[in-house]
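1. Below is the sequence, then the predicted model.
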Amino acid sequence: MSDVIAVVPQPLVVEPADLAPYVVGPATVVVVPGADADDPALPAAVLVADLLGRAAGHAVQVRFEDPGVPGAVRVRLADGEQAGLPAGDEAYRVLVGPDEVLLEARCAEGLVHAVVTLRQLLRELPDGRLEVPAVRIEDAPRYAWRGLTLDVARHFVSVPDLKVVIGLLAHYKLNVLHLHLTDDQAWRLDVPSRPELVRRSSARSVDGDPGGHYSAADWEDLLAFAHARGIRVVPEIDVPGHVNAAQHAYGELTPTGEPAEEYLGIGVGFSRLHADLPATRPFLEDVFADVARMTPGEHVHVGGDEVLTMEPEEYARLVRTALEAVTAHGKTPVGWQELAHVPDLPPGTVVQFWDDRVEPEPFVAAARAGARFVLSPASRVYLDMKYDADSPLGLEWAGHVDLADAYCWEPEDVLPGLPPGAVLGVEAALWTETLRTLDDLTTMLLPRLAAVAEVAWSAPGPRDLDDLTRRLTAHGDFWDRLGLAWYRSPQGRWGERVG
């Protein structure tokens, strides 16, 4: 059996103890001391009981009173300073001994991270018993924003498949799911003010593949599922380019007044809104108002990328209209890096940097003016890029991205000159021009998503790819047990004994 503590992302503190492991058995019970039905620690306790019960094949109870006997898994919130937790709202601790497990955190999100860490520590022995090695882990994230952009416009991702992706995000302590809901090919979210968007522009995907959309009920279900796993959803309505699907549904958004033809290819940059059309401003105001009302989280993404046939003045006018519609409803706007060229962005605007082939000066200037950055350099974290030239899935305009490429980079070096604190975090991206199934999605996500998650979470410093691949070996076995398709990168150590 491996002696590697196979936790990904790498925690701040990992101290194995020279003690017997904790064994999950009939005496195992989850305890939330002194809690009631409204205790914020209770959802994490339920997650623990469900996790251990599924793994052991028998129900595990949640109790509010400590039985005072061996076998308890205690889940509690604690004052961070008194408990000696690391700095940061999401800090947590896992203590494992022969007779008990303690999961402790400053907030509910931190408890979810502790549960995830416990899940990664859980080992199944050849005789079917389950054990957790004796260890002390204390941990907190480097960045508050750790996410994945998922394109559901080029190819639709069903609610059940999206929940699988959300589960993977939670397993690697990512906390943002940014859904690219609209593009030239389709519109995927039903918004009350413009029902024709999904009626006319959601039925198909790239190459005529089947499509779909999220109803209001679907959306609420997804938000609740993500929230229970510590993940906030950021919806993206991409304007003023990438709008052919909107113009196919509403002809008044085109100069001729006629609906645009349906487009099911993968080209970019050919569609655009027009600032001088009477229908454009009401469309932007109504749609972003709908999305803001439907989304309890702080952020709404306005897109803004790859508008190749528009003068800067008109671009700025249209972007400002979208930004104003978002801020009018109390949300903080997010946009792709092209927004950095628009003067006087609203305070706190988040700029998502993706094309690292450009000079950094305009982005440094935007940061000095108050913008904050999420880093998504395509050559590192665009997980739709092929692993190598022989990969059957993916594109390669940003090169090939294998495990080492996704892991061996430093976020603070991406945009030299940014003021301290301007980087909010790191976000991978998965675009779906060539991805049609859940197997396609997970093949491109795994193992690279785990590598990006460690870059976003763990402390800065040289990246030890050998250490990562040692820890990931057990994760490959875990993905197999879940029945997930994944790529056995030759840079990994799959199937080795790495004790």
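-> Everything's here; your move. In this text the structure is predicted, and so the values were computed from the model without any measurement.

2. from here on, contacts and neighbour counts on C-alpha atoms
-> Will do.

3. Would you map the strands across the stretch 51-200 of the chain?
-> With DSSP state E, counting those that start in this stretch as the definition, the stretch 51-200 of the chain shows strands at residue ranges 62-63, 72-77, 92-96, 100-105, 123-124, 130-132, 135-139, 145-151, 176-180.

4. Please state the offset of the helix or strand containing residue 237 from the chain centre?
-> In this structure, residue 237 sits in strand 232-239 according to DSSP states H and E. The gap between where strand 232-239 is centred and where its chain is centred comes out at 12 Å by Cα atoms, centre = their mean, to the nearest Å.

5. same check, this time on stretch 86-95
-> Stretch 86-95 has its average C-alpha position 20 Å from the chain's average C-alpha position, going by Cα atoms, centre = their mean.

6. now do the same end-to-end measure for it.
-> With Cα to Cα, to the nearest Å as the measure, the ends of stretch 86-95 fall 14 Å from one another.

7. quick one: buried residues of it?
-> For stretch 86-95, a neighbour-count test (16 or more other Cα atoms under 10 Å) marks 86, 88-95 as buried.

8. avg pLDDT for that stretch?
-> The average pLDDT for stretch 86-95 rounds to 94.

9. Give me the contacts around it.
-> By Cα atoms under 8 Å, 6 or more residues apart in numbering, the list of residues contacting stretch 86-95 from outside reads 80, 85, 101-107, 109-111, 113-114, 117-118, 134-141.

10. 6 Å - rerun?
-> Applying Cα atoms under 6 Å, 6 or more residues apart in numbering, the set of residues contacting stretch 86-95 from outside is 101-105, 109-110, 135-140.

11. Could you report the neighbour count for residue 462?
-> 9 (other Cα atoms under 10 Å).

12. ignore the last one, residue 316
-> 19.

13. Local confidence estimate at it?
-> At residue 316, the pLDDT value in this model is 97.

14. now for the strand holding residue 237, which elements pack on it?
-> Helices and strands in packing contact with strand 232-239 are listed as strand 176-180, strand 299-303; criterion 3 or more Cα pairs under 6 Å, 6 or more residues apart in numbering; DSSP states H and E.

15. Comparing the ones you listed, which comes out most buried?
-> When you average the neighbours per residue for each of these (mean count of other Cα atoms under 10 Å), strand 299-303 leads with a mean of 26.

16. and it, what other elements does it pack with?
-> Counting by 3+ Cα pairs under 6 Å, 6+ apart, the packing neighbours recorded for strand 299-303 are strand 232-239, strand 332-336.

17. mind checking which of these is nearest residue 63?
-> Between residue 63 and those, the tightest spacing by Cα to Cα is seen for strand 232-239, at 28.6 Å.

18. now what about the closest one, what contacts it?
-> 176-182, 299-304.

19. Kindly report the same for stretch 423-438.
-> Contacting residues not belonging to stretch 423-438 are listed as 143, 145-151, 154-155, 372-376, 381-384, 394, 456 [Cα under 6 Å, 6+ apart].

20. are any of those buried, and which?
-> Neighbour counting with 16+ other Cα under 10 Å marks 143, 145-151, 154-155, 372-376, 381-384, 394, 456 as buried within these.

21. can you map out the helices along the stretch 1-150 of the chain?
-> 42-56, 80-83, 108-121 (DSSP state H, counting those that start in this stretch).

22. From residue 159, how far out is residue 356?
-> From residue 356 over to residue 159 the distance is 33 Å, taken as Cα to Cα.

23. Please apply the same query to residue 475.
-> Between residue 475 and residue 159 the distance, using Cα to Cα, works out to 25 Å.

24. rewinding a little: can you redo the helices and strands packed on strand 299-303 as a markdown table with distance to residue 496?
-> Putting the helices and strands packed on strand 299-303 into a markdown table (distance: least, Cα to Cα, whole Å) gives the following:
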| stretch | distance to residue 496 |
| --- | --- |
| strand 232-239 | 36 |
| strand 332-336 | 41 |
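
25. Can you add mean neighbour count and give these back as CSV?
-> Formatted as CSV, these follow (neighbours: other Cα atoms under 10 Å):
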stretch, mean neighbour count
strand 232-239, 24
strand 332-336, 24
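
26. Save these as CSV, and put in mean pLDDT and distance to residue 248 too.
-> Compiled in CSV, the helices and strands packed on strand 299-303 are given as follows (pLDDT from 0 to 100; distance: least, Cα to Cα, whole Å):
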stretch, mean pLDDT, distance to residue 248
strand 232-239, 98, 15
strand 332-336, 98, 24
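
27. out of the ones you listed, nearest to residue 471?
-> The stretch from the helices and strands packed on strand 299-303 with the least distance to residue 471 (Cα to Cα) is strand 232-239; that distance is 27.2 Å.

28. Run me through the strand neighbours of that closest one, direction for each.
-> Each strand that pairs with strand 232-239, with its direction, by DSSP bridges: strand 176-180 (parallel), strand 299-303 (parallel).

29. So what touches the first one?
-> Outside strand 176-180, the residues that touch it by Cα under 6 Å, 6+ apart are 146-152, 231-236.

30. what number of residues lie near residue 168?
-> Neighbour count of residue 168, defined by other Cα under 10 Å: 18.

31. Rebuild the strands paired with strand 232-239 as a markdown table, extending it with distance to residue 198 and mean pLDDT.
-> As requested, those are exported to a markdown table (distance: least, Cα to Cα, whole Å; pLDDT from 0 to 100):
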| stretch | distance to residue 198 | mean pLDDT |
| --- | --- | --- |
| strand 176-180 | 15 | 98 |
| strand 299-303 | 19 | 98 |
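
32. Would you convert those strands into a markdown table that also reports distance to residue 270?
-> Supplementary listing: the strands paired with strand 232-239 in a markdown table, determined by distance: least, Cα to Cα, whole Å:
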| stretch | distance to residue 270 |
| --- | --- |
| strand 176-180 | 18 |
| strand 299-303 | 15 |
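
33. about what we covered before: ok, the contacts of stretch 86-95 vs residue 349, which is closest?
-> The shortest separation between residue 349 and any of those is 23.9 Å, and it belongs to residue 109 (by Cα to Cα).

34. how deep is the closest residue to that closest one other than its chain neighbours tucked in, by neighbour count?
-> The spatial neighbour of residue 109 that comes closest, neighbours along the chain excluded (Cα to Cα, 6 or more residues apart in numbering), is residue 230 at 5.2 Å. With neighbours defined by other Cα under 10 Å, the count for residue 230 comes to 22.

35. Tell me the predicted confidence for residue 230.
-> According to the predicted model, the pLDDT of residue 230 comes to 93.

36. Then it would be within a helix, right?
-> No - secondary structure of residue 230, determined by DSSP: H, G, I helix; E, B strand; the rest coil: coil, with no helix assignment.
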